[in-house]
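output the structure for:
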Amino acid sequence: MLALSSAIGPFAGQNWGAGKCDRVAEALRFSYAVCAFWAAILGLFFWFAAEPIVGVFSQDEKVIGAATTYLTIVPLSIWGYGVVIISAGAFNALGRSHYGLGLYLVRTALLYVPLSFIAAQFATSDAVFYAIAVANAVAGIAVGSFALYWLSHHTAPQPAAA
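This next block holds a predicted model:
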């Protein structure tokens, strides 16, 4: 997902500059699908392998329990984080860096931190992991929808005549 967020910038910028907005939207949709596929693979892998992997790093039952719970909940939602970082990278390339920053802030300041804080105050430690997963998923849906909506309602500036 980090590689996609790095690669989307040049691709989006070049196609936006050439007036090919549809290719930018297509690239985002494809990247979002890759994020979902990767999250499913990670989720499946950690569903079976989390406890043995964590056991290599700690013998403490509490640590093993907490880390295993984290690894069986959060990776399934990591697609949402991928959507955020890819969308932010695309907006940065389109000269809309304030949107890129805003997308990160939506996930972090409006969702991730408050939901995690509330879960930590009023529920079990496992609830924090669910709060992280919800923040990732809600951010992914909101940000991905915004990015695709924005692209469908804006046209790229026309290239300057030589």
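
C-alpha from now on. contacts and neighbour counts both.
Will do.

check which helices and strands the biggest helix by length in the chain sits against.
Scanning the chain for the helix with the most residues, using DSSP state H, yields helix 21-57. Here helix 21-57 touches helix 2-17, helix 61-73, helix 78-93, helix 125-152, going by 3 or more CA pairs under 8 Å, 6 or more residues apart in numbering; DSSP states H and E.

which one of those helices is the most hemmed in?
The highest mean neighbour count among the helices and strands packed on helix 21-57, using mean count of other CA atoms under 10 Å, belongs to helix 78-93: a mean of 26.

just the CA atoms of that helix, as CSV, please.
Once non-C-alpha atoms are left out, helix 78-93 reads as follows in CSV (Å, rounded to 0.1, in the frame of the first residue of the first chain):
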residue,chain,number,x,y,z
ILE,A,78,-5.9,-1.9,6.8
TRP,A,79,-7.4,-1.4,3.3
GLY,A,80,-9.1,1.7,4.7
TYR,A,81,-5.7,3.1,5.7
GLY,A,82,-4.4,2.2,2.2
VAL,A,83,-7.3,4.1,0.6
VAL,A,84,-6.4,7.2,2.7
ILE,A,85,-2.7,7.2,1.9
ILE,A,86,-3.3,6.5,-1.8
SER,A,87,-5.9,9.2,-2.1
ALA,A,88,-3.7,11.7,-0.3
GLY,A,89,-0.9,10.9,-2.7
ALA,A,90,-3.1,11.4,-5.7
PHE,A,91,-4.4,14.8,-4.4
ASN,A,92,-0.9,15.9,-3.6
ALA,A,93,0.0,15.2,-7.3
